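Participant: for reference, the sequence and a predicted model appear below.
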Number of protein chains: 2
Amino acid sequence: MLATVIHAARDIRVEEVPDPVLSTGGDAIVRVVAACVCGSDLWPYRGVTATDEPHRIGHEFVGVVEAVGDDVRDITPGDFVIAPFYVCDGTCVNCRNGVSTSCLTGGWWGSADRLGGFADGGQGERVRVPLADGTLAVVPGPVADDEIPGLLTLSDVMGTGHHAAVSAGVQAGDSVAVVGDGAVGLCAIIAAKRLGATTIIAMSRHPERQELARRFGATHIVAERGKDGIERVRELTDGIGADRVLECVGTKESMDQALRSTRPGGMVGYVGVPNGGPELPIAQMFGRNVGVNGGVAPVRGYIDELLPDVRSGAIVPGLVFDLELPLGEAAEAYAAMDERRAVKVLLRP
Amino acid sequence: MLATVIHAARDIRVEEVPDPVLSTGGDAIVRVVAACVCGSDLWPYRGVTATDEPHRIGHEFVGVVEAVGDDVRDITPGDFVIAPFYVCDGTCVNCRNGVSTSCLTGGWWGSADRLGGFADGGQGERVRVPLADGTLAVVPGPVADDEIPGLLTLSDVMGTGHHAAVSAGVQAGDSVAVVGDGAVGLCAIIAAKRLGATTIIAMSRHPERQELARRFGATHIVAERGKDGIERVRELTDGIGADRVLECVGTKESMDQALRSTRPGGMVGYVGVPNGGPELPIAQMFGRNVGVNGGVAPVRGYIDELLPDVRSGAIVPGLVFDLELPLGEAAEAYAAMDERRAVKVLLRP
C-alpha cells in the first residue's frame, strides 16, 4: 500500500510500504478515508526536530474498519471510525479520569514498540489500530461525504481546541482571548463560543483567518502582538485582561502573550506543544493569581460530547480544511501548511 | 507607641515609634489585640531579602477599632476586626472578581506610599488602616479571649491554606497531598478536609507537626521526600498520584515534589511565595496534563465563608499557634520560628 514517509527536513515522499496485518487480538485494520497534516508534523518537516532515518509520519484519520482481532468487542468491520492522535485502552485509571493521553497501556502512533509492534497512523491507505475498542470512536449510521472534514477534526484539532477551553474553565459569560490562528486556535474559538463565552477575542494577523475566526464566533480581532496586543485585549476587557486565555501555539512568545493577556485570577488553557519553550514565570503568575492548565489533549474522551454538534451542524470545524489533496501529493500538503498557504490540508488516499 | 522594627538580618527590635493618625477619610485606627509572625517575615530575618535600612515589619493582626475617618461607612469604633495581610477597597473589578490581592487601589502593609502614606501592619500597638471599609472584616458580637488565635489565622494562614485548596479545585472524594507542614500547610489540611477530600496526605518529618496534621484531618503521613516521597504518595493513590496537591512552601524542591506527586490531569494549588524559585517545567506539565493554579491568597474574600466555622469550632486553625509572647519579646518570636521551635508565634501588645 502507499503511505507517507519523511526522509529528512522538507523531504516528504509517498511510497510503497507493507500492508498492515492484525498482530494482537485487540487490533483493527482500518481503511483510511481521509487523513490530514498536523501542525506538529511541521516540526520534523522544518528540521526543528531531527529525522535521523526515514520513517512514517501522520496521526489523524477517519476510515472504515476492514478487519478486527478476536478480542475486539465494540468495533465491527464496516464501521466508520474516528481515530484520535494516540492509542488508549479506555479502561485504565487515567482513561477513567478523562486523561486518556496518559493511558497506562496506550501510546503514540508511529512510536509503539509494543502493542504488536509499529503502528502507523493515518497518512497512508490503511492503518493497524491497537487497542481498537478503546481507541476508535464509531460514527453511527451512514456518513455523507461532506461530513468527512468535520469528523476528521475530532481526531485532533477540534478536541484540542475544546481541551484548551475546558482546561481554562471557560463558562457562560466569560471573556476569552485566543492566541494562535492555526486550526487549533480556530477550533478553540468554536469551543469557547459553544461553552458560552460572550466576548471572544481572536489574535490574528491574517485576513482569511480573521474571517474564519469571526464566522466561528470571535467578537473581536486583535492583530497586534506583544505589548500592544496585551493593551488591546485589556481595552476590550474592563482594563484588566480576559477571564480565560487559550494558548494554541506553544512558543515562548505565545505563552508570554497569553499570561499577560489574562486578568488577575484568570486561567490560561494551553494546548500548544511546548516548542523548546521557556519555563513558566512563576513569580509573575503568583502575584496576579494567573493559573496555567492544559496539556496534550485527551481528545478521545471528547468525541462523544462533540460528535452530535458536528453532525447536526451546530459547529462546523471542518471549515479549517481549506485545501484538499490526494495522498500522492502529501509533499505539497506539507509545503502549503509550512508556508501558511493553507490552514490545514485534508489528504484523500 | 511600641512597634517591631527590623534593623538587619536577625536584628529585630521593639521600639518607640510615632502613634498612627487618621490621614485619609477612609482610614481607621485599630488597637492591636493580637498579631503574629509570618513565614514570609523570615525572609528578611534570614537575610534572604536584604534590609537596607531599619523598617517596620508585620502584616497580620486583629484588634479593636478606635477611630474612623469621615468617609468610613461600615466600620465603627468599638468593632472587633480582622485585617488581611493587605489593603483593598472591596469595590474594584478585581475585588469583585474575588482577587482582592490585585485591588486596583489597594496595596501592602509597610510599603504604601499612597493612601495617606506609610501604613504599618500589626506588630505594634496600633495601626492605621487605609481603605478601612474594604480591608477590615468585622467580627460581630462579643469576642472571647480564646477565640483570638482562630480569628487571627483568618488574617493570613487559614485563608491562604484555603486558597491552595480552592485553586487546586479540591472537591468531595478527592485525594489531596499537602507539601509543607508550616502553618499554611497545616491550614491547607483543614481546608482540604472541609471541602470534602477523603484521602489527605501530609508530607511532614516533624512528629509534633504530624500530630497536628492528623488532628486537622490528615489520613496519611509521608515523611519521605524527593523520589521516595513521590513513590509513597503514588502507593496511596492507585499508583498514579494525588488528584490535587497543595504546595505551601515556595522552593524549587517543594514545587517539584508537588508537580511529580500529582496524577495526570490533576492540579497543583500553590500558595508558597516563590523563593527565587525555578520557573515551572512546562514540558513535564504538558505531557501529564498537570495544571498549576494559585498565588498570593485573596484572604479578605474568604473571611466571610470561613468565619462561621472558626467561631463554631467546626475548624480549629488557632492550634497552629504553639507559642504566645508579649510584643516586647518579638525578637524571640522570630528566633523560635526561624529555628522551627515554633510553628507560629502569637504576639500580644
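Facilitator: Great, that's in hand.
Participant: tell me the mean pLDDT for whichever strand or helix holds A:Asp256?
Facilitator: Assigned by DSSP states H and E, A:Asp256 belongs to helix A:252-261. The average pLDDT for helix A:252-261 rounds to 93.
Participant: show me how far that helix is from its chain's centre.
Facilitator: Helix A:252-261 sits 20 Å away from the centroid of its parent chain (CA atoms, centre = their mean, to the nearest Å).
Participant: by contact count, what packs against it?
Facilitator: Secondary-structure packing of helix A:252-261 (3 or more CB pairs under 8 Å, 6 or more residues apart in numbering or on different chains; DSSP states H and E): strand A:175-179, helix A:226-235, strand A:242-247, strand A:262-270. No exception for glycine: its C-beta is placed from N, CA and C like everyone else's.
Participant: now do the same contact list for A:Ala330.
Facilitator: By CB atoms under 8 Å, 6 or more residues apart in numbering or on different chains, the residues touching A:Ala330 are A:Thr4, A:Ile12, A:Arg13, A:Val14, A:Val37, A:Gln123, A:Leu347.
Participant: got a list of what the fifth one touches?
Facilitator: Under the criterion of CB under 8 Å, 6+ apart, the neighbours of A:Val37 are A:Gly58, A:Gln123, A:Ala330, A:Ala333, A:Tyr334, A:Met337, A:Lys344, A:Val345, A:Leu347.
Participant: try 6 Å
Facilitator: For A:Val37, the contact set (CB atoms under 6 Å, 6 or more residues apart in numbering or on different chains) comprises A:Ala333, A:Tyr334, A:Met337, A:Val345.
Participant: need the max-distance pair from these.
Facilitator: A:Tyr334 and A:Val345 (8.0 Å; CB to CB).
Participant: helix/strand/coil for A:Glu324?
Facilitator: Classification of A:Glu324 by DSSP: H, G, I helix; E, B strand; the rest coil places it in strand.
Participant: and it, what's its pLDDT?
Facilitator: With respect to pLDDT, A:Glu324 scores 97.
Participant: excluding its backbone neighbours, what's nearest it?
Facilitator: Once flanking residues are discounted, A:Glu324 sits nearest to A:Leu346: 4.5 Å by CB to CB, 6 or more residues apart in numbering or on different chains.
Participant: what parts of chain A come near chain B?
Facilitator: Taking CB under 6 Å from any CB of the partner chain as the criterion, chain A approaches chain B at residues A:93-94, A:97, A:99, A:102, A:238, A:240, A:264-265, A:274, A:277, A:279-283, A:286, A:289, A:291-293, A:295.
Participant: in what helix or strand does the residue nearest to A:Glu324 lie?
Facilitator: strand A:344-348.
Participant: returning to what we had before: can you tell me which of the helices and strands packed on helix A:252-261 is most buried?
Facilitator: Ranked by mean neighbour count, the helices and strands packed on helix A:252-261 are led by strand A:175-179 with a mean of 32 (mean count of other CB atoms under 10 Å in any protein chain shown).
Participant: is A:Arg56 bridged to anything, and to what?
Facilitator: When bridges are called by DSSP bridges, A:Arg56 pairs up with A:Val5.
Participant: that one: neighbour count?
Facilitator: Residues contacting A:Arg56 under the criterion other CB atoms under 10 Å in any protein chain shown number 21.
Participant: isn't it right up against A:Asp120?
Facilitator: Yes: at 4.3 Å, A:Arg56 counts as touching A:Asp120 under the criterion of CB atoms under 6 Å.
Participant: who touches both of these two?
Facilitator: Residues touching both A:Arg56 and A:Asp120 (CB under 6 Å, 6+ apart) are A:Gly110.
Participant: and stretch A:197-204, how far from the chain's centre?
Facilitator: 19 Å.
Participant: revised request: answer the last question for stretch A:245-257.
Facilitator: Distance, centroid of stretch A:245-257 to centroid of chain: 16 Å (CA atoms, centre = their mean).
Participant: buried sites along it?
Facilitator: For stretch A:245-257, a neighbour-count test (16 or more other CB atoms under 10 Å in any protein chain shown) marks A:Val245, A:Leu246, A:Glu247, A:Cys248, A:Val249, A:Gly250, A:Thr251, A:Ser254, A:Met255, A:Asp256, A:Gln257 as buried.
Participant: now the helices and strands packed on helix A:252-261 in CSV, with distance to B:Ala168?
Facilitator: Formatted as CSV, the helices and strands packed on helix A:252-261 follow (distance: least, CB to CB, whole Å):
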stretch, distance to B:Ala168
strand A:175-179, 22
helix A:226-235, 27
strand A:242-247, 18
strand A:262-270, 13
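Participant: of the contacts of A:Val37, which is the nearest to chain B?
Facilitator: Relative to chain B, the closest of these is A:Met337; by CB to the nearest CB it sits at 22.0 Å.
Participant: which pLDDT value belongs to the closest one?
Facilitator: At A:Met337, the predicted lDDT confidence score is 95.
Participant: what about it, is that helix, strand or coil?
Facilitator: Here A:Met337 is recorded as helix under three-state DSSP.
Participant: run a quick neighbour tally on it.
Facilitator: 23.
Participant: check A:Gly117 too.
Facilitator: By the measure other CB under 10 Å, the count of residues near A:Gly117 is 12.
Participant: what strand or helix carries A:Lys193?
Facilitator: Per DSSP H and E, A:Lys193 falls inside helix A:183-194.
Participant: please identify the buried residues of that helix?
Facilitator: Neighbour-count burial for helix A:183-194 flags A:Ala183, A:Val184, A:Gly185, A:Leu186, A:Cys187, A:Ala188, A:Ile189, A:Ile190, A:Ala191, A:Ala192, A:Lys193, A:Arg194 (criterion: 16+ other CB under 10 Å).
Participant: on contacts alone, who are the packing partners of that helix?
Facilitator: helix A:157-168, strand A:175-179, strand A:199-203, helix A:207-216 (3 or more CB pairs under 6 Å, 6 or more residues apart in numbering or on different chains; DSSP states H and E).
Participant: average pLDDT for that helix, rounded please.
Facilitator: Mean predicted lDDT for helix A:183-194 stands at 98.
Participant: what do you get for stretch A:265-276?
Facilitator: Summarised as a single mean, pLDDT over stretch A:265-276 is 89.
Participant: list the contacts of A:Pro317.
Facilitator: Contacts of A:Pro317 (CB under 6 Å, 6+ apart): A:Gly150, A:Thr153, A:Met158, A:Cys187, A:Ile190.
Participant: tell me the SS of the residue lying closest to A:Gly117 once chain neighbours are set aside?
Facilitator: Computed as CB to CB, 6+ apart, the closest residue to A:Gly117 that is not its neighbour in sequence is A:Ser23, at 5.9 Å. In three-state terms, and counting by three-state DSSP, A:Ser23 is coil.
Participant: nearest to B:Glu324, of the helices and strands packed on helix A:252-261?
Facilitator: Of all these, strand A:262-270 sits nearest to B:Glu324, with 35.1 Å by CB to CB.
Participant: what's in contact with the closest one?
Facilitator: A:164, A:167-169, A:240-241, A:243-247, A:258, A:288-294, B:94, B:97, B:99, B:102.
Participant: how does it look with 7 Å?
Facilitator: If you take CB atoms under 7 Å, 6 or more residues apart in numbering or on different chains as the criterion, strand A:262-270 is touched by A:164-165, A:167-169, A:237, A:240-247, A:255, A:258-259, A:288-294, B:94, B:97-99, B:102, B:293.
Participant: tell me which strands it pairs with, and in which orientation.
Facilitator: By DSSP bridges, strand A:262-270 pairs with strand A:242-247 (parallel), strand A:291-294 (parallel).
Participant: okay if I get those strands as JSON lines plus mean pLDDT?
Facilitator: Shown next, in JSON lines, are those (pLDDT from 0 to 100):
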{"stretch": "strand A:242-247", "mean pLDDT": "98"}
{"stretch": "strand A:291-294", "mean pLDDT": "98"}
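Participant: fine by me, we can end here.
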